[in-house]
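Student: task: produce atomic coordinates for the following.
(one chain, ligands or ions: 1)
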Amino acid sequence: MEYQKKERYANIIPIAELDTSEKRLQPFPVYNQLRNSTPIRYDESRDCWDVLRYEDVHRILKDPVTFSSVRELTGKGTATILTMDPPRHSQLRSLVNKTFTPRVISDLAPHIESITNEMLDAVKDNNHMDLVHDLAVPLPVVVIAELLGVPPRDRELFKEWSDILVKGPDTNSDEAFSQVMKEKERAIQELNDYFAKILEQRRVDPKEDLISLLLSAEIEGQQLNDMEIISFSVLLLAAGNETTTNLITNAVRILTEKTEIQQQLRGNPELIPSFIEEVLRYYPPIQAIGRVATTDIEIGGKLIKKGNQVVSWIASANRDESKFVEPDAFITERRPNTHLSFGFGIHFCLGAPLARLEGQIAIRTMLNRMEDIEFIAGSPLTSIQSPFVYGVKQFPIAFRSF
Ligand code: HEM
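Tutor: Got it, this is the predicted structure:
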């Protein structure tokens, strides 16, 4: 399949202002400038609207009737709750909500702690590690693989696939775009084949995992079909990986950029949950969320036409001075902290309790076991190649083990 209709995939194309890795490492001044000059703008090259103010982003996310999540899917993708509207969205979501409540998730804490400790044991004698490779990538993968019921030993494969799923083209050329779309198509096909095999196994030998639960679940007397279960598993694997990895890395990035905060948390570990919320606001792992207008609608004096794509920049909304006091300052105890990093409304992140817990445990365990955590000066720092996921490829740190 050729992907010439670039405009249908506005979310995948980087905005022109963020065309280098340096700018993608610190995109916030660009968002601030755009929000103040053109808070709602139509970008011809991507054929979509960019929305940058908190109030407008919030309004869009809370109105799924006017702003639909249904969109053209890349390659061999099938709709998931992320790309559905009610009523199907509500039916599927209520099926899985129970698995991800804060209560159920908090029971996982001791297990997540022991996995984190194992990963830190492996590097403790070196007094240095690549945070991304040694902890931030494997921790969320192992946790979600166990929940789903797939072998954690396949984690290298999961990482490779989920990197491709969030990838954007490195340049704005048609060739680069087509290349990325083909890679995505291949990754989705491989993921589909992988999960199809697991489904076959669980059908004859059900276990206490999410895939077995989905296989036995019914909505109004009807079972989910295989493709629905496979796509949902792929969504969890991808949504649960890249995002939480970057939450952990972004949190440690703050600890090394602002060493006074490292000291503050060592003395006051009870501040770790609000620290994580501020990391989410300040360095949000997901920068933007796409919707499609279902009707002509006016926002901030601009007429968005039915069928137009709308990209809501949560990373900009989180820095909106009309919503947050001193938005460019990192304030560990910020209250209230109504960031939009997990979205808002009916699509609010299903995995938020899990991501928060993993982030808190990773930071608490690191601070308990490592003194003077610092970025290894001179190491290259490159942003990951994605227009909507915010993070770095490697993050080498040095420390003294306790
Ligand atoms: C939805 C962010 C971790 C599963 C979302 C949305 C955002 C988001 C912004 C809303 C998308 C939209 O409105 O279109 C994040 C961030 C995470 C994270 C920043 C980590 C820091 C996770 C984890 C899982 C997960 C760990 C699963 C285990 C999902 C699912 C949805 C979702 C299934 C779709 C919900 C729906 O459409 O009803 N996430 N996520 N996420 N997230 Fe997360």
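
Student: before we move on, what's the pLDDT of the residue in the chain positioned nearest to the ligand?
Tutor: Minimum separation of the chain from the ligand (CB to the nearest ligand atom) falls at G351, amounting to 2.0 Å. C-betas here are computed from N, CA, C, even on glycine. Per-residue confidence (pLDDT) for G351: 95.

Student: repeat that for L73.
Tutor: Per-residue pLDDT puts L73 at 64.

Student: next one: Q287
Tutor: 96.

Student: any idea how many residues pack against the closest residue to Y390 other than its chain neighbours?
Tutor: Of all residues not flanking Y390 in the chain, Q287 sits nearest, at 5.2 Å (CB to CB, 6 or more residues apart in numbering). Neighbour count for Q287, taken as other CB atoms under 10 Å: 24.

Student: returning to what we had before: surely the residue of the chain closest to the ligand meets T101?
Tutor: No: taking contacts as CB atoms under 8 Å, G351 lies outside contact range of T101: 11.6 Å.

Student: the two: which is more packed in?
Tutor: Set G351 next to T101 and count neighbours by other CB under 10 Å: G351 wins out with 21 against 10.

Student: now the more buried one: closest residue in space that isn't a chain neighbour?
Tutor: Sequence neighbours aside, G240 is the residue nearest to G351 in space, at 5.4 Å (criterion: CB to CB, 6+ apart).

Student: check G345 too.
Tutor: Spatial nearest neighbour of G345, excluding adjacent residues (CB to CB, 6+ apart): K62 at 4.4 Å.

Student: same deal with A196?
Tutor: In space, A196 is closest to I230, 6.2 Å off (CB to CB, 6+ apart).

Student: pLDDT at the residue nearest to G351, what is it?
Tutor: 81.

Student: again with P140
Tutor: Looking at P140, its pLDDT is 94.

Student: can you tell me which residues contact it?
Tutor: G240, N241, T243, T244, T245, I248, A355, E358 (CB atoms under 8 Å, 6 or more residues apart in numbering).

Student: cool, and A355?
Tutor: Contacts of A355 by CB under 8 Å, 6+ apart are P140, G240, T243, T244, L247, F342, C349.

Student: quick revisit: surely the residue nearest to A196 and F195 touch.
Tutor: Yes: contact status for I230 versus F195: in contact at 4.3 Å, counting by CB under 8 Å.

Student: how about the residues of the stretch 251-400 of the chain near the ligand?
Tutor: Contact residues (CB under 6 Å from any ligand atom) of the stretch 251-400 of the chain with the ligand: P285, I286, I289, S341, F342, G343, H347, C349, L350, G351, L354, A355.

Student: look up the closest residue to the first one, ignoring the ones flanking it.
Tutor: Yep, that's P285 we're talking about. N246 (3.9 Å).

Student: ditto for I219
Tutor: Ranked by CB to CB, 6+ apart and with sequence neighbours excluded, the top spatial neighbour of I219 is Q91, at 4.8 Å.

Student: next, count neighbours for that neighbour.
Tutor: For Q91, the neighbour count with other CB under 10 Å is 15.

Student: looking at it, it is touching G221, isn't it?
Tutor: No: when contacts are counted by CB under 8 Å, Q91 is not listed as touching G221 (12.0 Å).

Student: what number of residues lie near G345?
Tutor: The number of residues packed near G345 is 12, by other CB under 10 Å.

Student: same question, P87
Tutor: 8.

Student: over to K124?
Tutor: Look at K124: counted by other CB under 10 Å, it has 14 neighbours.

Student: need the contact list for it.
Tutor: By CB under 8 Å, 6+ apart, K124 lies in contact with R369, S401.

Student: could you look up the SS state of it?
Tutor: Assigned with DSSP: H, G, I helix; E, B strand; the rest coil, K124 falls in the coil class.
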